[in-house]
Each structure stands twice: as structure tokens, then as C-alpha cells.
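J.: Attaching a predicted model along with its sequence, questions to come.
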Amino acid sequence: MDHYAFYTGQCFDAYRYLGAHRSGEGWVFRTFAPAAAGVVLLHGGREVPMERVHDGNFYEVRAEDVQPGDCYQYRIYRRDGGYTNHCDPYGYGMELRPGHCSVVRDLGEYTFEDGAWMAERRDRREEPLNIYELHLGSWRRKEDGGWYRYDELAQPLIDYVKECGYNYVEFLPLSEHPCDESWGYQITGFYAPTSRYGTARELMMLIDRLHQAGIGVILDFVPAHFAVDDYGLARYDGTALYEYPHRDVEVSEWGSHNFMHSRGEVRSFLQSCARYWLEEFHFDGLRMDAISRILYWQGDEARGVNGDGVAFLRTMNQGLKHLCPGCILAAEDSTNFPKVTAPAEQGGLGFTYKWDMGWMHDTLSYFQTSPEDRPARRHQITFSMHYFPQERYLLPLSHDEVVHGKATILQKMHGGYDGKFPQARALYLYMMVHPGKKLNFMGNEIGHFREWDEHREQDWLLRDFPIHDAFYHYMAQLNHIYLDHPALSRWDYRPEGFAWLDGSGEESCVFAIQRQGGGERLVALFNFGAQARQYRLPATAGVKLLLHTDWQRFGGATPEGERPKPAGGALTVCLPPCSGQLFCMESCKYS
């Protein structure tokens, strides 16, 4: 590790120096604690004093009697004579809660076999990117309610994701965290895969197998804040080493400590951690949580831009793209901060994608509204395309939209039980033909009615009900259409890839969208109103109806028998209430 780079926030490999590492026949332990009065390694029931090294800000000790799987801590003495036992900030493993010791791990124990995938890893800008977001502890549970191990989940997850038509999975944070209810966003062990589901080696096995099955893997990463537990990063060396020393910006809205991104050591800690997950575990990308809290003081635009936070993001993203070619870096950011996805070299933040929170809020609000009242809200469907060219957007229907009294996606739809399914089918077709990459949270694809609970697996028994099973098959077919037709992704971020054929919707709630790219042209027709409509679509011979949200096998009322045929240079399409249809036009030649 270059110590100057570490202090100035330019270091991306701090985890290879700090923490616990093999050294000859033994192991070497190192930690950074500049304000400590002294540091002791606690291991095997012994207290082993550590020596100050380098410039006196680092502590080190070599031990021979260490084995992978051993627990250890650092006892850090404060200058007032007291001490606190801390887990290793750079530790590769931790005990299961309520234990909080670090665990010695040898990352070299596993050999990946995904070389072909890694050689071709890319950010999918001109390809379909359909992400299945899930929480590993509540996707599926064992019969006794226990968790599956990382490696045990590999084959069931591969089979399900491929059947459903997703080509990437995104895991909620997997760094060690003490509280299940935090979903992994309140972290104590940033470099430690949570022991809830097994070891680092077993996580590597899961990712390796997903890659060999052609499925990419993204990790939710938390660079804005950390848990307040005293054994973690909080006042690590007896002072505010990772957090702000000032109360007005020290604590986040979630009660956690804000990282002080003005410190080079903190920036090096975080960007080294980001590289660690991408390089050592072969994650293909990171979804970065709560970016607005880094861009603005406390996430409040009125309090002004945090220049150090902006500089940190720019440096980190630029470095990660250089060191980990083809990686995906996605920002969860609901602000209007400019150039989030512009290259860092051009003054941007350097993210690959930005979550389109505006599209998500507008779209869900529109579908919560009675069809009779939707004409006055047409802008909620059309407005996103006014700002869409400003960034490379990703459309999320994520975990945050199905918890805390918000209701699930299906519940949000207007109408009674039976009436919600046509709305949801139309919503998801609209999502797929709208430019931008896609993300859907687990359970949405089966029409989950119960809000997500991290303590229970998904209600898979819903598929025993015909209407939910039909919805599942609808979602799978729609997803596969998205993967198979380049018009829906090739030119996501080029003006010629999208056009409104009819975007008025002022009286009829009828919208017509054209997508093209990759040698084909698709047209989607929507009727979001309460009355059936007819629409005259200019067309010649060769038009193919790819999908109708109202087909009977999806729970609708329209037989699949006879398909509409063009006559006189046009196709007259009957649009049932709250429905959509997707057509491949005569130029349907794609590769």
C-alpha cells in the first residue's frame, strides 16, 4: 500500500495491507489507529501487544498460531486510560450476531472458474439489463425458518432467474450488520460477507456459479454512513476517525454515523472496499446507496453541496472503472445534481447509471389514480422523457416501494383485487418499452400482496392461485421479450431510439410509443382509461403482435386466436380498458 495515497484518498488497495493476512508460516495483523494510546490483538484467549509501525499511526503484530476461522478483535486503548474492543475495519469475516468478533479468512481458498464471463464483463449500455433485486435472507427460507447458505442458493436462484427472464441479480447489502431489520444498510463489517448465509468462500461459489450460468451479479454498497455500535467504526481510535466530530452533521436521518469524506483515510477505506467486492468476489457492479447524502450536507439541497463528497465520488468511480473494466456503478440519487452519469474526466460523477426515482414516483402515482381521473395526470406518463436525455437512467421498482406502509406494487394499483392485475400488467409493459435499464424487486413478479418482511420468505404459495400464476407467466414472457428484442435496449440513450406516436392522452388515456434499434422497430399501444378504445396504427403487411396484456392466459378476457391484420395501410387495434399491446413492425429483423 502506498501510504501517501492512503492519506490523500487515492488508495484503492488498502485492504491488501490492513486487516489479517498470511505472512510466511503465520499471519500479520495491521490496523490504522492514529490517536490510540496503544493496541492489543485479542486472539485465542490471549492479549498480544501490537507495535507502532511506519509513521506511528499504524499498529502491527505477527502471530504463528492462527488458523482460518479463528476469531479476533483489537483492544484499542484511549488516551484517557480506557479502552474499547473493536472488530477489524478491514476484516474479511465476522461472527454471527450477537457475536461481533472478526474472523480470519483466506480469500485464496477459492479458485473461480468464470474466466470467460470476466473477460467479457461490460456495463450493458447498449444491451438489455434486467435486474432481479433480492434479499438473500427472505427470498427463500428452509422449512425450519433458517437461512440457506450462499452456495445452497446458487442452483435454485439460477433456475428461477433464467425462467423468469432476468439476466442480472442485485443483492441487498451483504456486508456484516448486527440488526436484521436494517436489511444490511447499518454496517459494522464493511469487508466481511455476512455470516448469516455462510463464509466468503461460499459467497464466491454463488457468484461463480451465477456467472457460469450467464447471470450478472450486482451488490448494494453503502458509502454514506455506518452503524453506531461501539465495536465497529464508531470512535475507532478514541476519536472521530471515520465520522464527523460535529454533531450537526455526524448523525444521519437513520441514526447512523455519516462518513467524513473530507478525510483521505476514509475515502481510501471506502473506495478500497468497493474495489474489494468487484475484484476479489467478482461482483459485476455496485448500486451505491443514498448518494444524495454524499452530494449535499445531510442530503438537503438547501444546505448546499458537500464538495468533498463530490470529489470522493468522482475519484472513486474513475478509479473503479480503470481498475475493474466493464463494471456497473449505479447511483441511487433523487436529486437534480448535474452530470451524475457523465465521465469524471468531463466533470461528471462517473456513474454508469442513475436510478430514475422521478419516473418511479410519477408512474406509481398515475396507476394509483382512478382511470376516470387519469386524463388530468397525463404528464405523469410523459414528463420523464423531457429530462431523460440528461442522464443514463435505470428504472427501479425496488425494495423501498414495498415496505413501511407503502403497499406492494400490486396493492398500489387502482381498483379491487381482480382489477389490480390488469393495471399491473399494463404498468410493466409500459416500464419495458420506456427507455432505461430495468430493476424489479423479488415478489413483484408473482403479484405479492403482503409487504416485504425480512424475517419471512416470499409467499410462493400465491402461485397456487390461478390469477397470480397467470401474472407470473405474463411477467416471464414480458421479460424474455425484453431480453430478445434489441429495439427495447440498444438505443436506450440515443434520441432515435424512442418516439411518442401519440403522447396526448388528454381525453382517451391512449398512448403510443415507438422503440427502435438493432434493426427492428416495435410499437406499444396503451389504453390506461376505463373505456375500450380503437386506435388506427399506420402499418403494412408483416406486423406481428408480440404481447397483449389482456390475453386470457394472463388473466385477461381477450382470446389469442385471431390476430389483427393491416388493411389500407393501417391496422385498427381494439384496446380494452387498462391494457397494452406490443407490436413488431415490418422491419422486424434483429440480431
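T.: Yep, it's here.

J.: Alpha carbons only: can I get the helix or strand containing Phe6 in CSV?
T.: Taking DSSP states H and E as the definition, Phe6 sits inside helix 3-7. Provided in CSV are the C-alpha atoms of helix 3-7 (Å, rounded to 0.1, in the frame of the first residue of the first chain):
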residue,chain,number,x,y,z
HIS,A,3,0.9,5.3,2.4
TYR,A,4,0.8,8.8,0.8
ALA,A,5,-2.0,7.6,-1.5
PHE,A,6,-3.8,6.3,1.6
TYR,A,7,-3.6,9.6,3.4
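
J.: Quick check: buried residues in the following helix or strand past that helix?
T.: Proceeding N to C from helix 3-7, the next assigned helix or strand is strand 19-23, under DSSP H and E. Buried residues in strand 19-23, defined by neighbour count with 16 or more other Cβ atoms under 10 Å: 19-21. Backbone N, C-alpha and C define where each C-beta goes, glycine included.

J.: Name every strand pairing with the next helix or strand after strand 19-23 and say which way it goes.
T.: Next helix or strand after strand 19-23 toward the C-terminus (DSSP H and E): strand 26-32. Strand 26-32 has the following sheet partners, assigned by DSSP bridges: strand 19-23 (antiparallel), strand 58-63 (antiparallel).

J.: Break down the stretch 101-250 of the chain into its helices, ranges please.
T.: For the stretch 101-250 of the chain, the helices defined by DSSP state H, counting those that start in this stretch occupy 115-119, 136-139, 150-164, 200-212, 247-250.

J.: Of those helices, which is nearest Gly436?
T.: Among the helices of the stretch 101-250 of the chain, the nearest to Gly436 by Cβ to Cβ is helix 150-164 (19.5 Å).

J.: Quick one: work out the angle between that closest one and helix 200-212.
T.: 20 degrees (axes from the mean of the first three to the mean of the last three Cα atoms, to 10 degrees).

J.: And the contacts of helix 150-164?
T.: Residues from elsewhere that reach helix 150-164, judged by Cβ atoms under 8 Å, 6 or more residues apart in numbering: 132, 136, 139-140, 167, 169, 193, 197-199, 202-203, 205-206, 209-210, 213-215, 445, 475-476, 479.

J.: rewinding a little: need the buried residues of strand 19-23 in CSV with pLDDT and distance to Ala290, can you?
T.: Shown next, in CSV, are the buried residues of strand 19-23 (pLDDT from 0 to 100; distance: Cβ to Cβ, whole Å):
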residue, pLDDT, distance to Ala290
Gly19, 98, 26
Ala20, 98, 30
His21, 97, 31
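
J.: For Ala524, state which of the residues you listed is nearest.
T.: Nearest member of the buried residues of strand 19-23 to Ala524, counting by Cβ to Cβ, is Gly19, at 51.5 Å.

J.: show me what contacts that closest one?
T.: Here Gly19 is in contact with 29-31, 88-92, 191 (Cβ under 8 Å, 6+ apart).

J.: Chain neighbours aside, what residue packs nearest to it?
T.: Leaving aside its chain neighbours, Gly19 sits nearest to Tyr90 (3.4 Å; criterion: Cβ to Cβ, 6 or more residues apart in numbering).

J.: Kindly report the same for Cys509.
T.: Excluding the flanking residues, the one nearest Cys509 by Cβ to Cβ, 6+ apart is Gly529, at 3.4 Å.

J.: What distance do you get for that neighbour to Pro89?
T.: Here Gly529 is placed at a distance of 56 Å from Pro89 (Cβ to Cβ, to the nearest Å).

J.: Which of these two has more residues huddled nearby?
T.: Pro89 (27 against 20; other Cβ atoms under 10 Å).
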